[in-house]
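K.L.:
Generate coordinates for the sequence data below:
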Amino acid sequence: MVRLNHRAQQQTATETTQEAFLHQHVAEFIRARGSDTLTLLDLILTKNELEVSDIEYKAPVGASDHCVLVIKMAVDTRLYHKGDYVRSKAMLSDVDWNELMDKSVEEIWKANYMECNKKQTQMDDSESTEQNKTERSSLDKIPPEENQSKVQSLLQSKEESTRAVREAVCQFEKTLAEEVKEKPRAFFAYARSKTRIKESVSRIKQPDGTLTTSTQEACELLNKEFQKVFTKETNTPIPRTLHEFEGEELSRCEFTVDDTRKLLEGLRENSAPGPDGVHPKVLKECASKLAFPLWLLFRKTLTDRRIPEDW
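P.N.:
Numbers count the residues shown, from 1 in each chain. Alright, predicted model coming up:
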């Protein structure tokens, strides 16, 4: 493993943060003890600068020398798998997308982006949660000695519920196994959740034939192997190609609204949203209504040879 001094580590961390387009929000020193130099150790990194609206620096707790950070964040709590997409598609049908035909690329993108954000709906299960609490509290008040028949009925219902849960789990696991090619992340995430023994880095054979004896040696050996695949860039000019391209120039790229719809329907709904924050579940469920405006946007970027500023 490459060892870096403090200044090199600081520069590497800064460059990595900038290359990943992350925002660092902690602006004050948060660690101090006695005459030690004030340091900033705890960082808050986000993709969007607006995700953190305020940070309060509180006094340390107990014997700790780190300040307590109270963070106000804008967290997306929308339940996309419970969204009312029938209503969303009905609302998208009311939008007159033909008005965008003569608009610029930027105007078409803003219209698409605003409509997609509006349709990222959520379903509140607070009512069902309160109902479950009420049912549990009422069941706790039933005295077994006064109403034995109700107790027997409850026990029978419990057995039926347990059986139904087991069948649901079996069906869920069967579905995961059948869709492992389409949804590998969901399958392996579930498999990892059932694993009790976590595998660590095993002993690795070194070039001299011996085996590593510690995790540190294994990490250093893996680091050297990974470094071999990287090309060391130089400051010399990029060499010109010997032969110019002699094929036909790609002046037209034809695709239809139906092609766009098929691509939207093929999105993985369990994937994370992109930089625009639009969840793939929304795009997939509303594919039939979003295909035309997105097709219009993509076609406009090709004809005008421009892309939106957000891209």
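
K.L.:
Spatially central, which residue of this structure would that be?
P.N.:
The structure's the chain has its C-alpha centroid closest to Ala272; by C-alpha atoms, centre = their mean the separation is 3.3 Å.

K.L.:
Next, that residue: secondary structure please.
P.N.:
Per DSSP: H, G, I helix; E, B strand; the rest coil, the local secondary structure of Ala272 is coil.

K.L.:
And it, how far from Val278?
P.N.:
11 Å (C-beta to C-beta, to the nearest Å). C-beta: built from backbone N, CA, C; applies to glycine.

K.L.:
With Lys205 instead?
P.N.:
Taken as C-beta to C-beta, the span from Lys205 to Val278 is 47 Å.

K.L.:
now do Glu179
P.N.:
Glu179 is 24 Å from Val278, by C-beta to C-beta.

K.L.:
Which of those two has more residues huddled nearby?
P.N.:
Neighbours per residue (other C-beta atoms under 10 Å) separate Glu179 from Val278, with Val278 holding more: 18 against 12.

K.L.:
The more buried one contacts Asn112, doesn't it?
P.N.:
No. Using C-beta atoms under 8 Å, Val278 is not in contact with Asn112; the gap is 9.0 Å.

K.L.:
Let me see the domain layout of this structure.
P.N.:
6-73, 80-122+253-304, 132-193 (automatic domain parsing).

K.L.:
starting at the chain centroid, how far to the last one?
P.N.:
So that's domain 132-193. In terms of C-alpha atoms, centre = their mean, to the nearest Å, the centre of domain 132-193 is set 28 Å apart from its chain centre.

K.L.:
Numbering from 48 from now on, please.
P.N.:
Right, with 48 as the first residue, what we last looked at is domain 179-240.

K.L.:
any idea of the mean pLDDT in that domain?
P.N.:
Mean per-residue pLDDT for domain 179-240: 76.

K.L.:
Over to the first one?
P.N.:
Per-residue pLDDT values across domain 53-120 average out to 76.

K.L.:
Now for Gln253, how many residues are close by?
P.N.:
The number of residues packed near Gln253 is 14, by other C-beta under 10 Å.

K.L.:
Correct me if wrong: it contacts Leu268.
P.N.:
Yes. Contact criterion C-beta under 8 Å: Gln253 and Leu268 qualify, at 6.2 Å.

K.L.:
Quickly list what's touching both of these two.
P.N.:
Shared contacts of Gln253 and Leu268 (C-beta atoms under 8 Å, 6 or more residues apart in numbering): Thr259.

K.L.:
quick check, Ala137 in a helix?
P.N.:
Yes. Counting by three-state DSSP, Ala137 is located in a helix.

K.L.:
Now do it: how many residues are near it, please.
P.N.:
What Ala137 shows, counting by other C-beta under 10 Å, is a neighbour count of 11.

K.L.:
do the same with Ile118
P.N.:
Neighbours of Ile118 (other C-beta under 10 Å): 13.

K.L.:
Show me what whichever strand or helix holds Phe219 packs onto, helices and strands only.
P.N.:
Using DSSP states H and E, Phe219 maps to helix 195-225. In terms of contacts (3 or more C-beta pairs under 8 Å, 6 or more residues apart in numbering; DSSP states H and E), helix 195-225 is packed against helix 231-240.

K.L.:
What sits closest to Leu258 if chain neighbours are left out?
P.N.:
Distances taken as C-beta to C-beta, 6 or more residues apart in numbering place Arg250 nearest to Leu258, at 4.4 Å, with adjacent residues excluded.
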